[in-house]
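Undergrad: How does the following fold in three dimensions:
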Amino acid sequence: MRDRTPGGRLFDAVNYAILSVVACVCILPFIYVLAVSFTSPEEVARGGLILFPREWSLAAYEYIFSTGTLTNSLLITVYVTVVGTLINLIFTTTMAYPLSRTRLRGRQGVLLGVLITMLFSGGMIPTYFVVSGLGLTNTLWSLMIPSAISAFNLIVLKNFFQQIPSEVEDSAKIDGCNDVEVFFRIALPLSGPAIATFALFYSVDHWNTFFNAVLYLNDSSKWTIQVYLREIVILAQSNIGDSSRLEEMNIQPLTIRMAVVVFATLPIMLVYPFLQKHFVKGVMLGSVKG
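TA: Modelled structure (predicted):
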């Protein structure tokens, strides 16, 4: 392999410099949030940009964990994320695979209906009436059933299934497999990267669910972690309810907000490395052709 030309080396150097700047711009906010959450109230009160605490403090996290309802809301969010993601994957895969088979009668009509839902929706109030009419209000099912299928993810996964060679399925049928067995034994194992990618998409959506929880859940004991942490931030900012306790613990509202961001973001970020190797491959394979 011949040496790079001076122009090529200069191009690489400029690319590395630009990417380094972009990486710093993306990483610095996370470092700032993490640093402030562990910084003492006195240092936060002095103001300025904090990238590494000079005076460490866990007061913000002690305040967040001081109530038993945090554990309950965390368990509820984990339950909604796990069960909701399973529901999403089951409905999405079982609908995407038949639609990827050109021999399916009425396939184009169903696809048209799916595409229409990507452009038009009934809106918040009609959706609430539907959820209420089904008796799902004030239940955790209201956070999972209405969003059981994402039309965009369905289309991408359908395109992924279409790329599976028909010869593979024909060989399986020659060996005695029916369509259901082909789906479970051939299609699903070959679509691991795509399924892992959409599992990440769905799990992030469920973990961050907030508006639906506020809209459909009236019982505070069923609140998700995002709703509960919002209440903590509101109390800390407005100095109502626990204002005297904040003064006793000498906590700055800013440190509470940053601790809330860390606590709400960290769990789902820890899951990402296990799915990262499938992430790009899964998305690109399903978006090549329609």
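
Undergrad: which parts of the helix or strand where Val82 lies are buried?
TA: In the assignment (DSSP states H and E), Val82 maps to helix 69-99. With burial defined by 16 or more other CB atoms under 10 Å, the residues of helix 69-99 counted as buried are 70, 72-74, 76-77, 80-81, 84-85, 87-89, 92-93, 95-97, 99. C-beta coordinates here come from the backbone N, C-alpha and C atoms, glycine included.

Undergrad: Could I get the buried residue list for the helix or strand following that helix?
TA: The C-terminal neighbour of helix 69-99 among helices and strands, as given by DSSP H and E, is helix 107-119. Residues of helix 107-119 classed as buried: 111, 114 (neighbour count, 16+ other CB under 10 Å).

Undergrad: tilt between helix 107-119 and helix 69-99?
TA: Here helix 107-119 runs at 150 degrees with respect to helix 69-99, directions being taken by axes from the mean of the first three to the mean of the last three CA atoms, to 10 degrees.

Undergrad: residues in contact with helix 107-119?
TA: Taking contacts as CB atoms under 8 Å, 6 or more residues apart in numbering, the residues outside helix 107-119 that touch it are 98-99, 101, 151-152, 154-155, 158.

Undergrad: packing partners for the following helix or strand past that helix?
TA: Sequence order places helix 124-133 as the next helix or strand after helix 107-119, per DSSP H and E. Helix 124-133 is packed against helix 211-216, with contacts defined by 3 or more CB pairs under 8 Å, 6 or more residues apart in numbering; DSSP states H and E.

Undergrad: contact partners of the helix it packs on?
TA: With CB under 8 Å, 6+ apart as the test, helix 211-216 has contacts from 124, 128, 131, 136-139, 142-143, 146-147, 223-224, 226-227.

Undergrad: Go through those residues and flag which are in helices.
TA: Among the contacts of helix 211-216, the ones falling in helices (DSSP state H) are 124, 128, 131, 226-227.

Undergrad: ok, these vs Pro267, which is closest?
TA: Gln226 (11.7 Å; CB to CB).

Undergrad: Neighbours of that closest one, how many?
TA: For Gln226, the count of nearby residues is 18 (other CB atoms under 10 Å).

Undergrad: now the one 3 residues further on
TA: The local packing of Leu229 (other CB under 10 Å) involves 23 other residues.

Undergrad: again, but for Ile251
TA: Using other CB under 10 Å, the number of residues around Ile251 comes to 22.

Undergrad: Count the neighbours of the residue lying closest to it once chain neighbours are set aside for me.
TA: Excluding its sequence neighbours, the residue lying closest to Ile251 (CB to CB, 6 or more residues apart in numbering) is Ala59, at 5.0 Å. Applying other CB under 10 Å, we find 19 residues neighbouring Ala59.

Undergrad: per-residue pLDDT, the closest residue to Met95 other than its chain neighbours?
TA: Nearest non-adjacent residue to Met95, counting by CB to CB, 6+ apart: Leu154, 6.1 Å away. pLDDT, Leu154: 90.

Undergrad: Then Asn218?
TA: 86.

Undergrad: Not counting sequence-adjacent ones, nearest residue to it?
TA: Spatial nearest neighbour of Asn218, chain neighbours left out: Asn138 (5.1 Å); criterion: CB to CB, 6+ apart.

Undergrad: who touches the one you found in this structure?
TA: Per CB under 8 Å, 6+ apart, neighbours of Asn138: 216-219, 222.

Undergrad: any idea how far it lies from Asp219?
TA: For Asn138, the distance to Asp219 (CB to CB, to the nearest Å) stands at 6 Å.

Undergrad: likewise Phe198?
TA: From Phe198 across to Asp219, the span is 31 Å (CB to CB).

Undergrad: Mind checking which of those two has more residues around it?
TA: Phe198 (28 against 8).

Undergrad: residues contacting the nearest residue to the more buried one once chain neighbours are set aside?
TA: Nearest residue to Phe198 in three dimensions, chain neighbours excluded: Asn153, at 5.1 Å (CB to CB, 6+ apart). Asn153 makes contact with 88, 92, 198, 201-202 under the criterion CB under 8 Å, 6+ apart.
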